[in-house]
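**Q** Got a sequence here, can you model it:
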Amino acid sequence: MKKGLFVALILVLIAAFAASGLYLAAYFADSAKQQNADDKRAELVNSTRNEYSATEEATGEATVSPYGVPGSYGHEDEYYTPDVIDEPENVPTKPELQSGSDFLPWYQELHDQNSDMVGWLQIENSKINYPVMQTSMDNANFYLYKDFDKNDSVRGSIYAAEICDVFEPSDNITLFGHNMKDGSMFAYLGNYYEKSAWENNPLIFFDTLTESHVYKIFAVFKTSGTDNVGFAYHQMADAKDEAEFNQFVATCKELAFYDTGITPVYGDKLLCLSTCEYTIDNGRFVVAAVRIT
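**A** Below you'll find the predicted structure:
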């Protein structure tokens, strides 16, 4: 009897081990397949951008790279605040944007393939070089487990919170992405636990379909994603007043692992990159940045 139970237990463990192995194989295979597709999209964007730059150079027109910001924006630079900022009033969640001459041309083809694409996100020297998706409130979190082509995917896509207006933009835009074991999607954000990572790579490049912008990280923190427990950073899109905005910034800095010396002021535009964090229950890891140009 005991021998039979032992054999049964061994068989169960073998079956569990095999199932885990199959799951991991599918996990990494799916992620690798999607990464390959995303790499091709990044190549398309880059090659198209280069073609337009070459054409402008040949015709003698001034060329402005979407990431070519005049001057250096390293950690030692003085914090930059735009002189004039228009506050949005009663903006729609996701305004209709028509394809046309107002598009940055290197995003036109991808937007034609999927009109849910609202921008592009890149952090240099990382795998973060992806399209950004967004859906309406009635289809919330659609891209949590969907790829660019709307197929099921364990790693999903980078997507903007439905309450944010990417184009106006909102005071704070939250972008979500999985913390993948293969280092893709938002896994790189974990490097910012250490201040040295911020010192060496503090900039985030986030384009909409029509404009290119650079953000600088001002706070990195973790919090619980459980309602009424953690900091609900993702629920703030447009501050109702200066006090609410300042409290949001203050909370980000209070929770921060280290001081960056940067404190955004009312009127600045913020970006929060959000992924899973595993040292606390239902944890969230957040990299908060302020737009500098």
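**Q** Any chance you could list what contacts stretch 102-122?
**A** Outside stretch 102-122, the residues that touch it by CB atoms under 8 Å, 6 or more residues apart in numbering are 41, 44-46, 48-49, 52, 66-67, 94, 97, 99, 128-135, 142-143, 148-150, 158, 160, 166-167, 175, 204-212, 273. Where C-beta positions appear, they are placed from N, C-alpha and C, glycine not excepted.
**Q** sorry, that was for stretch 39-50
**A** Applying CB under 8 Å, 6+ apart, the external contacts of stretch 39-50 come out as 65, 66, 105, 106, 107, 109, 110, 120, 129, 130, 131, 148.
**Q** For PyMOL, write the selection for the buried entries among those.
**A** Remark: buried members of these, expressed as a PyMOL selection using 16 or more other CB atoms under 10 Å:
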select buried, resi 66+106+107+110+120+129+130+131+148
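**Q** quick one on the thing from earlier: can you select the buried ones from the contacts of stretch 102-122 in PyMOL?
**A** Burial among the contacts of stretch 102-122 is assessed by 16+ other CB under 10 Å; the matching PyMOL selection reads:
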select buried, resi 41+45+48+49+66+94+97+128+129+130+131+132+133+134+135+142+143+148+158+160+166+167+175+204+205+206+207+208+209+212+273
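**Q** separation between the spatially most central residue of the chain and residue 147?
**A** By CA atoms, centre = their mean, the chain has its centre lying nearest to residue 175, at 4.3 Å. As for residue 175, its distance to residue 147 is 16 Å (criterion: CB to CB, to the nearest Å).
**Q** cool, and residue 163?
**A** For residue 163, the distance to residue 147 - CB to CB - is 23 Å.
**Q** Then residue 236?
**A** Separation of residue 236 from residue 147 (CB to CB): 28 Å.
**Q** what about the strands in the stretch 51-200 of the chain?
**A** Applying DSSP state E, counting those that start in this stretch to the stretch 51-200 of the chain gives strands spanning 117-122, 129-133, 158-160, 172-176.
**Q** Reformat the ones you listed as a markdown table; add distance to residue 291 and mean pLDDT.
**A** Below are the strands of the stretch 51-200 of the chain laid out as a markdown table (distance: least, CB to CB, whole Å; pLDDT from 0 to 100):
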| stretch | distance to residue 291 | mean pLDDT |
| --- | --- | --- |
| strand 117-122 | 13 | 98 |
| strand 129-133 | 15 | 97 |
| strand 158-160 | 15 | 98 |
| strand 172-176 | 10 | 98 |
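**Q** and those strands as CSV, adding distance to residue 263?
**A** As requested, these are exported to CSV (distance: least, CB to CB, whole Å):
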stretch, distance to residue 263
strand 117-122, 24
strand 129-133, 26
strand 158-160, 24
strand 172-176, 15
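**Q** Mind checking the ones you listed for the one nearest to residue 228?
**A** strand 172-176 (18.4 Å; CB to CB).
**Q** The closest one vs strand 129-133, what angle?
**A** Angle, strand 172-176 to strand 129-133, by axes from the mean of the first three to the mean of the last three CA atoms, to 10 degrees: 110 degrees.
**Q** in the protein, what spans have low per-residue confidence?
**A** 1-31, 54-101 (pLDDT under 70).
**Q** any chance you could map the helices in it?
**A** For the chain, helices defined by DSSP state H occupy the ranges 2-59, 108-113, 195-200, 242-255.
**Q** could you give the angle of the strand of greatest length in the chain to helix 242-255?
**A** If you go by DSSP state E, the chain has its longest strand at strand 212-224. On the basis of the same axes, to 10 degrees, strand 212-224 is oriented at 70 degrees to helix 242-255.
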